[in-house]
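Undergrad: Got a predicted structure plus its sequence, pasted below:
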Amino acid sequence: MKKLSFIVFTFLSIVIAQGQNKVIINVDASAPTSKIHKEIYGQFAEHLGRCIYDGIWVGKDSEIPNINGYRKDVVEALKALNIPVLRWPGGCFADTYHWKDGIGPKEQRPKIKNVFWGGTMEDNSFGTHEFFELCEMLGCEPYLSANVGSGSVKEMTEWLEYITSSEDTPMVQLRKENGREDPWHLKYIGIGNESWGCGGDMTPEYYADLYRQYSGYCRLYSAENPYRIACGANAWDARWTDVVMSKGHRMMEGISVHYYTIAGKGWGDKGPGRDFEENLYFSGLKKGLMMDSLIKKHVAVMDKIDPKKRIGLLVDEWGIWTDPEVGSIPGHLFQQNTMRDALIASTTLDIFHRHTNRVVMANIAQVVNVLQAMILTKDDVMVLTPTYHVFNMYKGHQDAEFIPISFNCPSYKFGDDEIPSLSCTLSKNKDNKFNFTISNLNPKDNQLVEIPLNSLNTKKIISGNILTSEKFNDYNSFEKTDLVKPGIFKDANLKKGVLNLKIPPMSIVNVEME
Ligand code: AHR
């Protein structure tokens, strides 16, 4: 019976129109809706390569136009994205970071050698005050990663007191001496980063015990009850999630997981960030789509321990990780960002949207000049990457109501392998506007799509945008900064509540309706 309904559904979903397959996307008006947590659009800024220094912070005396030391062009571009939350200071760096080195007069701050990332010497001129001011400028929630690997409970609790307290304690006096009278607001705290690896090489049993210890003191020393995030698994390692949750679930609000897309053969051969062929286009997309099974794997464990879904899953590091740009410092993880990567971003965001009852935050790695960045900088030139444009086109989904849809689409085939050619999200925001975003992964074929929206009472299209390019490895360089940029999308019409679209190959489309 199941098989029969699948065949009937497939037949209904792909109909032949004007000689071309047309995909029918059905709105499931009776299915429960959910909220797309805006924190899924979170960002990550680590002291790594040129993310903080050069990318965000150039210092007040720099010739690069800046606002009190922050790069003006970068801050303005990031403001436009409506970033909900920013994770800092790492990454692996977080478990080597001692926050007291990054406060007080800049000329007196000690230097730190960034041992994980190229051995670069940093002058600590970007510290706690600079981070919280950045969050205030961007209007986003700060998310701190506390040092468990080489730090102490005392170091963490003093940091929390310094940031959040308004009582007359030595840490508050110190903050005031350093020029900040009022406490800052801190909602999110991560307890350790990759504690199974660069953050201390721990077993899950050992980490879980440490987690309980740190997490208990967290609440005692923070003026606000912070949302405590346990360090989660390395990609598919569900045993880590199981042990840490079994031992620590009463003392956590969230647990993380990290998953990076490697288009090449593996960590030793990740594949180039540009100048690749269709095999790496296809495998990049395919490995990106695996985020769905990865989430399901961890959610199954979480459901067993926390059936009421109180605890959130935070994918607080994700994105494509390629070989570094030729000529760059390998430890600085500087890579280019192509049309393929834009599709990895759009399809991954669609996956997160479908898991909103568990996935409450995600932080793409990283915001500037590192891995799948929003922005690349070189001297005074700034480039907005194709991934930046996806985040900008998708921002209408932030905090919107997710509307379940179902469809069946042709596969995009490569060699003996295949993946679905389409990925999409439909949502309704608080102003009663609908956003429909759709990605066509097929690099050669158009796709006709029809969505009967009668049940939603949509009347007209307000705007349409498209991100596409001639080649899947097109990117924005410092010489040609806008080769891949959004344009107006004209191939959409809404008649009698039915939306019809023609989606070009290798493209991402957003249609806004009311
Ligand atoms: O994002 C780069 C690195 O990837 C982070 O520092 C670490 O947490 C992960 O391995």
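TA: That came in fine, so what should we check first? Treat the numbers as computed from the prediction; the structure is a model and nothing was measured.
Undergrad: So what would you say the end-to-end distance of stretch 220-234 is?
TA: 29 Å (C-alpha to C-alpha, to the nearest Å).
Undergrad: got the phi/psi numbers for whatever residue of the stretch 201-350 of the chain ends up closest to the ligand?
TA: Residue nearest to the ligand within the stretch 201-350 of the chain: residue 317 (5.4 Å; C-beta to the nearest ligand atom). From N, CA and C alone the C-beta is placed, and that goes for glycine too. Per-residue torsions, residue 317: phi -150, psi 120 (degrees, to the nearest 10).
Undergrad: tell me which parts of the stretch 151-300 of the chain are close to the ligand?
TA: 193-194 (C-beta under 6 Å from any ligand atom).
Undergrad: Who does the residue of the stretch 201-350 of the chain closest to the ligand form a beta bridge with?
TA: Per DSSP bridges, the residues bridged to residue 317 are residue 258.
Undergrad: how is the protein carved up into domains?
TA: Domains of the chain are assigned by automatic domain parsing as 12-32+424-513, 38-399.
Undergrad: mind saving the C-alpha coords of the helix or strand residue 389 falls within as CSV?
TA: Per DSSP states H and E, residue 389 falls inside helix 386-393. In CSV, the C-alpha atoms belonging to helix 386-393 read as follows (Å, rounded to 0.1, in the frame of the first residue of the first chain):
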residue,chain,number,x,y,z
PRO,A,386,28.1,34.0,-2.9
THR,A,387,27.4,32.5,0.6
TYR,A,388,26.8,36.1,1.9
HIS,A,389,24.2,36.6,-0.8
VAL,A,390,22.4,33.4,0.2
PHE,A,391,22.2,34.5,3.8
ASN,A,392,20.9,37.9,2.6
MET,A,393,18.3,36.3,0.3
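Undergrad: Pull out the buried positions in the helix or strand that residue 293 is a member of.
TA: Per DSSP H and E, residue 293 falls inside helix 291-305. Applying a neighbour-count criterion of 16 or more other C-beta atoms under 10 Å, the buried positions in helix 291-305 are 291-292, 294-295, 297-299, 301-302.
Undergrad: between the residues you listed, which is closest to residue 166?
TA: residue 302 (35.9 Å; C-beta to C-beta).
Undergrad: Contact partners for that closest one?
TA: With contact set as C-beta atoms under 8 Å, 6 or more residues apart in numbering, residue 302 has these partners: 241, 245, 255, 309, 311, 313, 358.
Undergrad: Would you write a PyMOL line that selects the buried entries of these?
TA: Of the contacts of residue 302, the buried ones go into a single PyMOL selection, burial set by 16+ other C-beta under 10 Å:
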select buried, resi 241+245+255+311+313+358
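Undergrad: Let me have the contacts of residue 302 in JSON lines, extended by pLDDT.
TA: Converted to JSON lines, the contacts of residue 302 look like this (pLDDT from 0 to 100):
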{"residue": "241", "pLDDT": "98"}
{"residue": "245", "pLDDT": "98"}
{"residue": "255", "pLDDT": "98"}
{"residue": "309", "pLDDT": "97"}
{"residue": "311", "pLDDT": "98"}
{"residue": "313", "pLDDT": "98"}
{"residue": "358", "pLDDT": "97"}
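Undergrad: Now for the contacts of residue 302: which two are most distant?
TA: Among these, the pair separated by the greatest distance (C-beta to C-beta) is 241 and 309, at 14.3 Å.
Undergrad: Distance of whichever residue of the stretch 251-400 of the chain sits closest to the ligand relative to residue 92?
TA: Proximity of the stretch 251-400 of the chain to the ligand (C-beta to the nearest ligand atom) peaks at residue 365, 4.0 Å away. The spacing between residue 365 and residue 92, counted by C-beta to C-beta, to the nearest Å, is 11 Å.
Undergrad: do the same with residue 105
TA: Taking C-beta to C-beta as the criterion, residue 105 is separated from residue 92 by 28 Å.
Undergrad: Who has more neighbours out of the two?
TA: Neighbours per residue, other C-beta atoms under 10 Å: of residue 105 and residue 92, the larger number sits with residue 92, 21 against 8.
Undergrad: Just say helix, strand or coil for the residue nearest to the more buried one when sequence neighbours are not counted.
TA: Nearest residue to residue 92, sequence neighbours excluded (C-beta to C-beta, 6 or more residues apart in numbering): residue 198, at 3.7 Å. What DSSP: H, G, I helix; E, B strand; the rest coil gives for residue 198 is coil.
Undergrad: on that earlier part again, how far off centre is the helix holding residue 293?
TA: The chain centre lies 18 Å from the centre of helix 291-305; the measure is C-alpha atoms, centre = their mean, to the nearest Å.
Undergrad: Over to stretch 89-100?
TA: Mean-position distance between stretch 89-100 and its chain equals 20 Å (C-alpha atoms, centre = their mean).
Undergrad: what about that stretch, how long is it end to end?
TA: Stretch 89-100 end-to-end distance (C-alpha to C-alpha) = 13 Å.
Undergrad: pLDDT (mean, whole number) over it?
TA: The average of the pLDDT scores along stretch 89-100 is 98.
Undergrad: what about it and the ligand, any contact?
TA: Yes - Stretch 89-100 lies within reach of the ligand by C-beta under 6 Å from any ligand atom, at 90-92.
Undergrad: low-confidence ranges in the protein?
TA: Applying pLDDT under 70 to the chain flags the ranges 1-20.
Undergrad: do you know how far the closest residue to residue 496 other than its chain neighbours is from residue 246?
TA: Counting by C-beta to C-beta, 6+ apart, residue 496 lies nearest to residue 454, which is 7.6 Å off, once chain neighbours are set aside. Residue 454 sits 48 Å away from residue 246, going by C-beta to C-beta.
Undergrad: now do residue 459
TA: Residue 459 sits 51 Å away from residue 246, taking C-beta to C-beta as the criterion.
Undergrad: Same drill for these two, tell me which one is more crowded.
TA: Using other C-beta under 10 Å, the more surrounded residue of residue 459 and residue 246 is residue 246, with 14 against 11.
Undergrad: Surely that one touches residue 305?
TA: Yes - here residue 246 reaches residue 305: they are 5.9 Å apart, a contact under C-beta atoms under 8 Å.
Undergrad: What number of residues are in the vicinity of the residue of the stretch 101-250 of the chain found nearest the ligand?
TA: At 4.6 Å from the ligand, residue 194 is the closest residue in the stretch 101-250 of the chain, using C-beta to the nearest ligand atom. Residue crowding around residue 194 was assessed by other C-beta under 10 Å; the count is 24.
Undergrad: Please apply the same query to residue 276.
TA: With other C-beta under 10 Å as criterion, residue 276 counts 19.
Undergrad: Which residue, other than its chain neighbours, is closest to it?
TA: The spatial neighbour of residue 276 that comes closest, neighbours along the chain excluded (C-beta to C-beta, 6+ apart), is residue 473 at 5.6 Å.
Undergrad: Which secondary structure state is assigned to that neighbour?
TA: Applying three-state DSSP to residue 473 yields a three-state assignment of coil.
Undergrad: Residue 78 too?
TA: helix.
Undergrad: For it, give me its contacts.
TA: 43, 138, 367, 374-375.
Undergrad: Confirm that residue 86 sits in a strand.
TA: Yes - assessed with three-state DSSP, residue 86 lies in a strand.
Undergrad: That one contacts residue 39, correct?
TA: No - in this structure residue 86 lies outside contact range of residue 39 using C-beta under 8 Å: 10.6 Å.
Undergrad: Name the residues contacting each of these two.
TA: Residues touching both residue 86 and residue 39 (C-beta under 8 Å, 6+ apart): residue 141.
Undergrad: Tell me what residue 53 is bridged to.
TA: Beta bridges link residue 53 to residue 57, judged by DSSP bridges.
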